[in-house]
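A.B. asks: take this sequence and fold it.
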Amino acid sequence: MFALLKTIREVIAHWWSEFTLQTRLMAAATLVVSLIMSGLTFWAVNTIQQDARMNDTRFGRDLGLLLASNVAPLIAEDNLTEVARFSHRFYSSTSSVRYMIYADEAGQIFFGIPFSESEVQNSLTIQRWIELPEDYAKNSEVPMVRQHLTPDGEVTDVFVPLMQEGKYLGVLAIGINPNPTVVASSNLTRDVTIAVFISIWVMVILGAVFNALMITKPIQELLRGVKNIATGNFKQRIDLPLKGELGELIFSFNEMAERLERYEEQNIEELTAEKAKLETLVSTIADGAVLIDTNFHVVLVNPTARRIFSWEGVDVVGENVLHHLPSAVTMELTRSLYQIAAGQTSAEREREGEEFRITLNEPTPRTVRILLTSVLDQYRESVKGIAMTVQDITREVELNEAKSQFISNVSHELRTPLFNIKSFIETLHEYGEDLSETERREFLETANRETDRLTRLVNDVLDLSRLESCRLYHFEPVDIAQPVEQTLRTYQLNARDKGIELAQDIAPDLPPVLGHYDLLLQVFANLVGNSLKFTEPGGRVMIRAYLLESDPHHHETAQVRVEISDTGIGIDAEDQEAIFDRFFRVENRVHTLEGTGLGLSIVRNIIQKHHSRVHLVSEVGVGTTFWFDLDVFKEKKTPVNQPLKADSSPSTETTSATVSVP
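C.D. replies: Numbering: from 1, shown residues only. Predicted structure coming up:
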């Protein structure tokens, strides 16, 4: 039962919630009006009934007193026949009397209309007693009146004491029928009230149904459609067969939705095109770009940023950027990101951005520059996101360090010979007359050697600067035997003075190589000069050149390998990696010979311009061998600039080429 009541209550609540405020107000007003009218009607009916009851009471009291005064003497004389005759005549003459009952002082009924004692005794052989009300007073001169309901209406009961000469003879009970006119009027009023009440609610219900079907439902559909339009669903349409103002409103709504849908499609196409352009532009820039919102979720990231932060294959879009950045970057940027997102940065820093320089150790050591810039709305009042620009400045840092080191080394190398020259010249100037001829000659020779050393240093620096510049070199066929023989002729006398054997082993019928004669001659001069410098008397320096077999997996053309080997002091394994760096000299460790420390750097740069690499094999106390490969010249013209290989240079098939290597 409780569940049923709960279900009914929920149904009524749901049903009531479907009504609009207007319908609810109309229903409430109707209920109030109907209740007021019903109350007034029932008040009027009740008033009429009260008046009728008072009239019946007054009529019954008067009638009872009249009858009692007429029958009391007859009852006192025990003339019941005359009492019966009088009562029948009175009962027959009026329709207002419902019954008349006579009872003696003991309450036994001895006569009654429409029944009598003889009829009772003959038919039932029983006696009837009248049941008087509890508050009935026998010795009262005023009749007692009360009403009771019957199917025919409210009957007035009048109990009149029968008194004769102060003696109580019994009681006369008279029943007075209700006034038919009053009853009919009350019934009519009640029926009319009920009919009006029902009619009002029927009209209200019909009006509510009509309102729901013809007005409320279209308005609800329009409201639902407007809400869908507000949420961006421009495909919303309303299909209701209505005419008039509502029909025009629905037609206008559908037309508006259709125009908005077309406008949205055009905007989406334009935005998609602009987004594609922006993404293409961002993806092609050399710097890394990451766009995040104020919650630090990644909105856009380009391939450069993915490479720098090792995000290849990781879907970071929509993720918190602080969860994916390297730990060093996270530590540096967290506080600034929160300040920018909260709009706590100054106007100058907001305009120029915040710059950070961070060193990363994984996956490879490198240095990055990160610039944080706030993205503002169109009114430049609130922060909508943060743009993170990432630059890999590892090469720049290395070049700056190399530049600083180069300047420091050059300054140091220039200072030593200049100091020596100045010292000896000042000595000759001040004490020239006090020095012997031998001492003056020795001082001059020392100054001359230091001058030569300074000249070599300046020339080497100029050569290295030209090689590292963007100067163009014209490559052409070179017979490798010619620069080898010229080098041998240049250093043959020096080798003979030191007691070192200088020889060559050039394979016969070697094809010409593609290269630059003067640059190759400088390579041989530097390598042979180093070998003679670090080879003891009785040693040997050898230049070899031979043809390598072509490897179809690595080279399309054949190559000539050139080797310069000696039996000198050798190079420690720990020095072999740095031997080609600028100003690195083995004599810095052995303290025996002098040099500029730029020769092997020049060799490396020249060989790189020939698209190859110089290698070395060395063992301390045994000797050192430098070797590199050069491409064989071919008549067919093909591009020269190709990437370097690990062990040998790529093939170059051209008659001549102009090469520029920054």
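A.B. asks: use CA for all of it now, contacts and neighbours both
C.D. replies: Will do.
A.B. asks: doesn't Q220 fall inside a helix?
C.D. replies: Yes: the assignment for Q220 is a helix, going by DSSP: H, G, I helix; E, B strand; the rest coil.
A.B. asks: show me the helices in the stretch 101-250 of the chain, by range?
C.D. replies: In the stretch 101-250 of the chain, the segments counted as helices under DSSP state H, counting those that start in this stretch are 117-123, 180-211, 217-230, 244-284.
A.B. asks: tabulate the ones you listed (JSON lines), appending mean pLDDT, mean neighbour count and distance to V142.
C.D. replies: Conversion of those to JSON lines gives the following (pLDDT from 0 to 100; neighbours: other CA atoms under 10 Å; distance: least, CA to CA, whole Å):
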{"stretch": "helix 117-123", "mean pLDDT": "48", "mean neighbour count": "13", "distance to V142": "27"}
{"stretch": "helix 180-211", "mean pLDDT": "73", "mean neighbour count": "14", "distance to V142": "26"}
{"stretch": "helix 217-230", "mean pLDDT": "76", "mean neighbour count": "16", "distance to V142": "71"}
{"stretch": "helix 244-284", "mean pLDDT": "77", "mean neighbour count": "14", "distance to V142": "76"}
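A.B. asks: would you convert those helices into TSV that also reports distance to D293?
C.D. replies: Below are the helices of the stretch 101-250 of the chain laid out as TSV (distance: least, CA to CA, whole Å):
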stretch	distance to D293
helix 117-123	109
helix 180-211	50
helix 217-230	25
helix 244-284	17
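A.B. asks: quick check: closest non-adjacent residue to V290.
C.D. replies: Nearest residue to V290, sequence neighbours excluded (CA to CA, 6 or more residues apart in numbering): V301, at 4.5 Å.
A.B. asks: hmm, I typed the wrong one, I wanted H610.
C.D. replies: Nearest in space to H610, with sequence neighbours left out and distances taken as CA to CA, 6+ apart, is G515 at 6.4 Å.
A.B. asks: so how far is A525 from the one you found?
C.D. replies: 16 Å (CA to CA, to the nearest Å).
A.B. asks: the more surrounded of those two?
C.D. replies: Each of G515 and A525 has its neighbours counted (other CA atoms under 10 Å); G515 has more, 27 against 21.
A.B. asks: would you check that that one makes contact with D479?
C.D. replies: No: counting by CA atoms under 8 Å, G515 does not reach D479; the two are 9.4 Å apart.
A.B. asks: in the stretch 251-400 of the chain, which spans are helices?
C.D. replies: Going by DSSP H, counting those that start in this stretch, the stretch 251-400 of the chain shows helices at 303-308, 327-341, 347-352, 394-431.
A.B. asks: among those helices, which is the most enclosed?
C.D. replies: Most buried of the helices of the stretch 251-400 of the chain, by mean neighbour count (mean count of other CA atoms under 10 Å): helix 303-308, with a mean of 19.
A.B. asks: which strands or helices does that one pack on?
C.D. replies: strand 288-293 (3 or more CA pairs under 8 Å, 6 or more residues apart in numbering; DSSP states H and E).
A.B. asks: buried stuff in the strand it packs on?
C.D. replies: By neighbour count with 16 or more other CA atoms under 10 Å, strand 288-293 contains the buried residues G288, A289, V290, L291, I292, D293.
A.B. asks: and that strand with helix 327-341, angle?
C.D. replies: If you take axes from the mean of the first three to the mean of the last three CA atoms, to 10 degrees, strand 288-293 sits at 50 degrees to helix 327-341.
A.B. asks: what pairs with strand 288-293, parallel or antiparallel?
C.D. replies: Sheet pairing for strand 288-293, assigned by DSSP bridges, gives strand 298-301 (antiparallel), strand 383-392 (antiparallel).
A.B. asks: need the CA coordinates for the shortest one. PDB is fine.
C.D. replies: C-alpha atoms of strand 298-301 as PDB (Å, rounded to 0.1, in the frame of the first residue of the first chain):
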ATOM      1  CA  VAL A 298      49.600  20.400 -24.200                       C
ATOM      2  CA  VAL A 299      47.600  21.900 -27.000                       C
ATOM      3  CA  LEU A 300      50.100  21.800 -29.800                       C
ATOM      4  CA  VAL A 301      53.700  20.500 -30.200                       C
END
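A.B. asks: quick one: distance of that strand to the chain centre.
C.D. replies: Distance, stretch centre to chain centre, for strand 298-301: 11 Å (CA atoms, centre = their mean, to the nearest Å).
A.B. asks: which parts of the stretch 451-600 of the chain are helices?
C.D. replies: For the stretch 451-600 of the chain, the helices defined by DSSP H, counting those that start in this stretch cover 481-498, 517-533, 573-576, 587-590, 599-609.
A.B. asks: among those helices, which is nearest Q266?
C.D. replies: In terms of CA to CA, the element of the helices of the stretch 451-600 of the chain nearest to Q266 is helix 599-609, at 55.1 Å.
A.B. asks: which strands and helices sit next to that closest one?
C.D. replies: With contacts defined as 3+ CA pairs under 8 Å, 6+ apart, helix 599-609 has these neighbours: helix 437-468, helix 517-533.
A.B. asks: kindly state the pLDDT recorded for the closest residue to P483 other than its chain neighbours?
C.D. replies: Nearest non-adjacent residue to P483, counting by CA to CA, 6+ apart: L521, 5.2 Å away. Looking at L521, its pLDDT stands at 84.
A.B. asks: just the pLDDT at the residue sitting furthest away from the middle of the chain, thanks.
C.D. replies: What lies farthest from the middle of the chain is E77; by CA atoms, centre = their mean that is 115.5 Å. With respect to pLDDT, E77 scores 83.
A.B. asks: from V83, how far out is it?
C.D. replies: 10 Å.
A.B. asks: which residues are in contact with T625?
C.D. replies: T625 makes contact with E563, I564, S565, D566, L616, V617, S618, according to CA atoms under 8 Å, 6 or more residues apart in numbering.
A.B. asks: ok, what's across the strand from it?
C.D. replies: For T625, the beta-bridge partners are S565, V617 (DSSP bridges).
A.B. asks: relative to V45, how far out is L188?
C.D. replies: Counting by CA to CA, the gap from L188 to V45 is 10 Å.
A.B. asks: can you check D315 too?
C.D. replies: Per CA to CA, D315 is found 85 Å from V45.
A.B. asks: the more surrounded of those two?
C.D. replies: Higher neighbour count among D315 and V45: V45, with 21 against 10, using other CA under 10 Å.
A.B. asks: surely the more buried one and T189 touch.
C.D. replies: Yes: using CA under 8 Å, V45 makes contact with T189 at a distance of 6.8 Å.
A.B. asks: per-residue confidence for Y546?
C.D. replies: On the pLDDT scale, Y546 gets 93.
A.B. asks: the nearest residue to it once chain neighbours are set aside: what's it in contact with?
C.D. replies: Distances taken as CA to CA, 6+ apart put A507 closest to Y546, at 5.2 Å, once the chain neighbours are dropped. Applying CA under 8 Å, 6+ apart, we find A507 in contact with R544, A545, Y546, L547.
A.B. asks: one more: V397?
C.D. replies: T367.
A.B. asks: how about residues contacting stretch 82-95?
C.D. replies: Residues contacting stretch 82-95 (CA under 8 Å, 6+ apart): V71, L74, I75, V97, Y99, M100, F111, I113, N177.
A.B. asks: go with 7 Å
C.D. replies: V71, L74, V97 (CA atoms under 7 Å, 6 or more residues apart in numbering).
A.B. asks: what residues sit buried inside it?
C.D. replies: Neighbour-count burial for stretch 82-95, counted by 16+ other CA under 10 Å, picks out V83, A84, F86, S87, Y91.
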